[in-house]
Structures are given as structure tokens and as C-alpha cells.
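Chemist: Based on what follows, work out the 3D shape:
(chains A, B, C and D)
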2 protein chains.
Amino acid sequence: MADFSIKDVARLAGVSIGTVSRSMNTPEKVSQKTRAKVEDAVRRTGYSPNRLAQSFRRGRTNLVMVVLPSVGDPFFTEVMRGIRAVAETSGYSVVIEETQFNTMTADKIGSMLVSNQTDGVILLASVSPFGTEIMASGGKQLLPIVVGCETVSPELSALPSVQIDNAAAASEMTDYLIAQGHRRIAMISGQSSSLLTKDREIGYRQAMQAARLRVEDGWVIDGGLTINGARAATRALLSGKSRPSAIFCATDEMAIGCLREVKAASLSVPGDISIAGFDDIRYAEVTDPPLTTISQPAGEIGERVMRRLLDRIKDSESASSGREFVPHELVIRESVAAPTN
Amino acid sequence: MADFSIKDVARLAGVSIGTVSRSMNTPEKVSQKTRAKVEDAVRRTGYSPNRLAQSFRRGRTNLVMVVLPSVGDPFFTEVMRGIRAVAETSGYSVVIEETQFNTMTADKIGSMLVSNQTDGVILLASVSPFGTEIMASGGKQLLPIVVGCETVSPELSALPSVQIDNAAAASEMTDYLIAQGHRRIAMISGQSSSLLTKDREIGYRQAMQAARLRVEDGWVIDGGLTINGARAATRALLSGKSRPSAIFCATDEMAIGCLREVKAASLSVPGDISIAGFDDIRYAEVTDPPLTTISQPAGEIGERVMRRLLDRIKDSESASSGREFVPHELVIRESVAAPTN
DNA sequence: ATTCAATATGAAAACGTTTTAATTGTCATT
DNA sequence: AATGACAATTAAAACGTTTTCATATTGAAT
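Modeler: Sure thing, here's the model as predicted:
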């Protein structure tokens, strides 16, 4: 398999390279007889076309790239399954790129994607206005791109996106906590650069306000989207002058850290403190107690987002733009109960 | 930015395309004056080279692909960090491909990688002899490829790989359980296609045998590498005629499922049953109780595996082959204690 | 001033494919 | 027997770069 080219196959089959190309791509346009010769030559050489040359000449790679914050985030398992499912039926391959939490999102995407490496991009990572300016120049995109799960900044709201209504979901969870009798509800949110958790924060604040409940100073605290960040945040919350009876975490990842820390402080959940999460990752139902959380239809988001990307690749003019919301669901498990005091 | 080519830049700068190319790639070979002209033209057009054409012509992409079972597996977070760290210092970009647990590993890799898409592959996923036959034809590889974390089948043991000694680590854990006083130790392993967990199983069996302990029928059970699989396996274990006092899970993921199920059966951990895991994923220290497990130096594995890949890309002849072991560590937390009965 | 070396540039080939345009061959219709 | 239509094939252009080779320019040394 020492790298045969189409030329070798052509010589071996006794035809021109054009015929070889047609034999492989549009076999119906070549006669039975010659097709057989070509196929034989292909088999004998073990020839497989140089994809790079192929993509270069065709001007299309049949490859889409999904950008996500980090491999190892359980939430994306199902989203990817959905993406892959529809990609496969359309002859697209999927390739993944990490932003490692924002370090170089913009650069990477700008430099390696815009320049013809892939036919389109699915952004599951934080969408900064800066990053996408590169891509969405002059209102018209130079590369098909759609956003999934994440919140897009207002000025980019025309970008096609598929997501749950994060603010509404967060409100719903907060309402649920309130309905359970909680009045002192704190929130562990993400860093300010995370628009996603900002949205959830907004929902929380709205619900609190609607119920005329006070959000005390220090009750909305940055958990950095990590377990350890959430543990630190939880310590701060527990040691504050005014201790909440419930902690709403903007992600399950942080809820897991929070849960651990609350227990480490010898408090029981939900006995002493209720904890709510968000995302319904697979670990959420095996914590002790299992987490009450918001479930996102991750697989469906994946499917939809990929379908919209395909639309856009096919015909970027007529493809729909703007946000598309999918339903979320409040999953009641055991980490939330009525407050005891 | 409507897709300028090098030709446009050349025309605008009033030089030949060769000069433009040189200006960008080997600026020291072009005079100050013309370089300035070119740079200006580049700026004015917003030109960025067509990567596809570039890679095609150069015969190299500066892209490596890492193949892993699934995005969403927390274990790979750190491995990727390591890989990326050294890739970045060498001017390589990293792109990720999922096998979705083996469905089409071989095909994907065979078809899209061998044909010039990437300069090399890091396999973090299960290495079947079948899959790699394609890549390692005639003893000599046609694409630089190295294996990380995973066990390679004996007939492919010449493939460069970086991993801990899984069997030894599993023995060590088993020995530890025995040292704690356990005699009745069961193991939740992976499906038979997972060479990795088979290795761990071997270590377990060896340690049991060395201690002259009996492995009863049904005590090595397939947990399918998933939480739910492990829960089912645990149920089977608990309802068996002869109940173990300790359960050694071949992955933390399964240990988490096991832990939940044991508690669901109203048994305490480690009071009634001890549980040990493997991998030390980040969730392992926030379970209740925190998991005793084996820690892999994931970041280091990533770095080493990427370095070996670079060696191989640079000079496939002289690059080292064969396995390279890195040290593991037994992390003692609270999920294992002496048996009570 | 003249020559030589070094440096800077341009023209064109090359990479492996797809695709267009031109050519050949075949067959049915007149 | 000649024409036309159609199918199959070939030759060659094209894609956007990099790189080789030849040429032109510069500057230094005689």
C-alpha cells in the first residue's frame, strides 16, 4: 500500500485518470467493461484516494467540527450522539475540537476553520462576541456555523442556535424550591464570562424577585464551573453570616462539589440544606442523595443542531436563523426537601 | 473577506505569488521592502491561506488526531491536557474523534486517517487487532500511530504505547483489599472486548491466586463499563448465594454505579461492603464515601504519548517502539475498610 | 570600472484529484 | 450510405499552494 495515486491505477487499468475518477464517483457514467477493469486495478493496488487532494479540488471536506469546552464533560456525551446520528445519515464525518475553557477559542476557530478545513462548525462552547466576529462578518457568515446548548450574546442572536430556555428553567427550579418552603436560597453560578450560567442566574433572580424574596449579598457566588470551585463557593456560603437553606447550582458538576462540601461540614442533604443542580448529567442520579435537577434533551439538541447546520451548508441563504428552543424538564429526585427550621 | 487567494495578494502587492508565499513562510528570504508591500496587501485583503491547498501541496497537515471512546468520559480530560500541551509547543493542532465504543473504530481510522487527513494518530480507545491491521500492514506502519492508556493485543505489542501496568495495579489493589482482611472479593469488569479491563482482571485473579483465595462462580462479572451496567452487575452480586465482602470495580465509572446500588440495597459502604475503583477520575473523591482507587498519571501519559508520536512523525525509522510504562498509585480514601463479619 | 558572489525575485512545475471540452465510437434513423 | 444523437472515453485545464530553477539585481572586492 505504498501510496498509489490515481495515475498508477489508470496505467494498470489501461484507461485515463479521468475514467478512474468517474468509476469511483459516478460509476453509472462508465461502461460495465471498463468499470470492471478499474475496479480490478483498484483492488490490486489497494488504492484509496488522497482525501486532501480530493477535498481541495472539490472545495468541500464533508467534515464538520464541533467545538466544545472540554473533553471529559459528561454532559456532551448525548449531544454528540445526536450530532453523530444525523451526520452519519448525511455522509458527514464529525471531528471535535476543545477550547480548554476559552483560552483560544477565537483564534483556533478563526485560523483553522475558516480556512477551508471543514464545511461547518457546531459551537457547544461559550460564544463570545469577539470570537464570532471573525466568523460572522458583516452580518453574513463566511462559514456555516450553528450554536448548541450555549447562550449567544444578544448582538449575535441571529446566529442559528438550539437550546433550552435556560432562564425559564432556572426560574422553574427556583419556584420549585420556593414551593417547597425555602426562602433563603443561594446560587452557585459560573464565572461572568459564561453567558450560559448568567442566563440561569437571571432566571433565579427573576423568580426570587417575583416571590419577593431577598437575595442577600454573597448569595450568588462564582463556582467556576468546576467541582473544586463549587466546594470553595459552598464553604463561603456555609460560613457566611446568613446561611441559606437551599443552594441552587448552575450545573450538576458544581452541585456534586457542593453536595460533597455540605456533607463534609456534617450537614445532611436535604435535611439541613437542599441542593439543586442543572443539566441532569448521568452522575446526577447516582449521587447520595440523587440530585434534583433540570434535564436537557441533549440527544435531541444534538440532532437538531446538526440538522440546522446541514441546512446551512446546503443553502446558507434560505436556512433559518435565530434561536430555537427545546423543552427542558424539572427532574425531582431527593436532594431537595422542605426546610426544617 | 470574500475568499482572496494568494494570486489576489500578489497582484495587489505587485509581486509574484512565489514571493507572497515566501513572505509568509520564510520571511527572512525576502527583502524588507517587498515584505512590507506583501504584508500590507495581506492586511488589506484579510487573506489567509487555504489550508487545504497548503496541506495538499506540503504533504502534511500539522494535525494529529486522537481517537477516544467517547467525549464525556471524565478520565480523558487530563490526558488531553497533556497531549495538547506538547502538541502546542510543536506547532501541531489536535483534533478528536470518538469511536462511540467501538462501533466503527476500524473503518473510520482506516478510511479517513490513512488517506492523508492527519499526520498521526493517538489511540486512546480499544485497540483491536482487526482495526490496526489496516494501519500496521507488513510490520511497518503507514501512518504514525501510538497508543495511550489502552492495552494493545499481544500481536501488536510492537506498537508504541504509553500506559500504566494495569495488571500490576489491579494486583496491588487486590492485595490491599486482602490486607484489609477481605477474603470474599468480587470484581466488576468490562466486556470481553475491552482488553484494558481484561488486564485488570488478570491482575485481580493473580493476586487472588497468590493469596490462595477462591474466586467463586459469578464473582467476575461484566459491568459493561457503564454506571447502569455496574448497577445491574452489583444487583447480581448482592443477590448471589455467596455475597462478597468487597467489590473491586475495573473503572471508577462502574464503581460509582456499584456504590449507588449497594446503598440502594440499604447496605453501608464500607461498613457492610467495601468498594474499590480504578482510574481516579475527578468524581472519585466526591462520592460518599470517597473512592479508594488507582490513580493514573493521566497528564503525563498524554505528554509522553504525544512526544512519542512526534518522534514517529519526524523519523518513523529510528523512533522507539513497544510499550512504555508509567507509574500508577494506590489512592486510599474511605470506600474500603476491614470487613465486619 | 569589472567581476564575482550573494541575494531577491519571477516564471513555471508540481502535488492528486475533479471536471470541462473535445474526440471517438456506436447505433438507430433517414 | 449518410446523418444525427448519444454514450464512452481521453486530454487537458483547473483548484491554491510550495518549491525549483533560472534570471535579475545588488553590493563588495578587485
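Chemist: Give me the pLDDT for residue A:307.
Modeler: Looking at residue A:307, its pLDDT stands at 97.
Chemist: Residue A:28 now?
Modeler: pLDDT for residue A:28: 92.
Chemist: Next: residue A:116.
Modeler: In this model, residue A:116 carries a pLDDT of 71.
Chemist: which residues does it contact?
Modeler: Residue A:116 makes contacts with A:59, A:61, B:50-53, as judged by CB atoms under 8 Å, 6 or more residues apart in numbering or on different chains. To be clear about C-beta, it is placed using only N, CA and C from the backbone, and glycine gets the same treatment.
Chemist: Could you rerun that using 6 Å?
Modeler: B:50-52 (CB atoms under 6 Å, 6 or more residues apart in numbering or on different chains).
Chemist: which one of those residues sits closest to residue A:7?
Modeler: Taking CB to CB as the measure, residue B:52 is the one of the contacts of residue A:116 closest to residue A:7, at 20.6 Å.
Chemist: Just say helix, strand or coil for the closest one.
Modeler: Put simply, residue B:52 is helix when judged by DSSP: H, G, I helix; E, B strand; the rest coil.
Chemist: and of the contacts of residue A:116, the nearest to DNA strand D?
Modeler: In terms of CB to the nearest atom of the strand, no member of the contacts of residue A:116 lies closer to DNA strand D than residue B:50, at 3.4 Å.
Chemist: hmm, back to that, what about the contacts of residue A:116, which one has the most neighbours?
Modeler: residue B:52 (23 neighbours; other CB atoms under 10 Å in any protein chain shown).
Chemist: Residue A:123 against residue A:69, yeah?
Modeler: No. Look at residue A:123 against residue A:69 with CB atoms under 6 Å: they stay out of range, at 10.4 Å.
Chemist: Counting neighbours, go ahead and name the busier of the two.
Modeler: Remark: of residue A:123 and residue A:69, residue A:123 carries more neighbours, 26 against 20, as counted by other CB under 10 Å.
Chemist: Could I get the full set of helices for chain A?
Modeler: Taking DSSP state H to define them, one finds helices in chain A at A:6-13, A:17-25, A:32-45, A:51-58, A:76-89, A:105-108, A:129-135, A:166-179, A:195-210, A:227-239, A:252-264, A:298-314.
Chemist: Out of those helices, which is the most enclosed?
Modeler: Comparing these by mean neighbour count (mean count of other CB atoms under 10 Å in any protein chain shown), helix A:252-264 comes out on top with a mean of 25.
Chemist: What average pLDDT does it get?
Modeler: 98.
Chemist: Give me the residue ranges of the stretch 51-200 of chain A where confidence is low.
Modeler: Scanning the stretch 51-200 of chain A with the threshold set as pLDDT under 70 gives A:101-115, A:127-142.
Chemist: How about the residues of it by DNA strand D?
Modeler: Residues of the stretch 51-200 of chain A lying near DNA strand D by CB under 7 Å from any atom of the strand: A:56-57.
Chemist: Smallest gap between the stretch 51-200 of chain A and DNA strand D, at which residue?
Modeler: For the stretch 51-200 of chain A, CB to the nearest atom of the strand, closest residue to DNA strand D: residue A:57, 3.8 Å.
Chemist: Tell me the spacing between that residue and residue B:313.
Modeler: 26 Å (CB to CB, to the nearest Å).
Chemist: Noted, bye for now.
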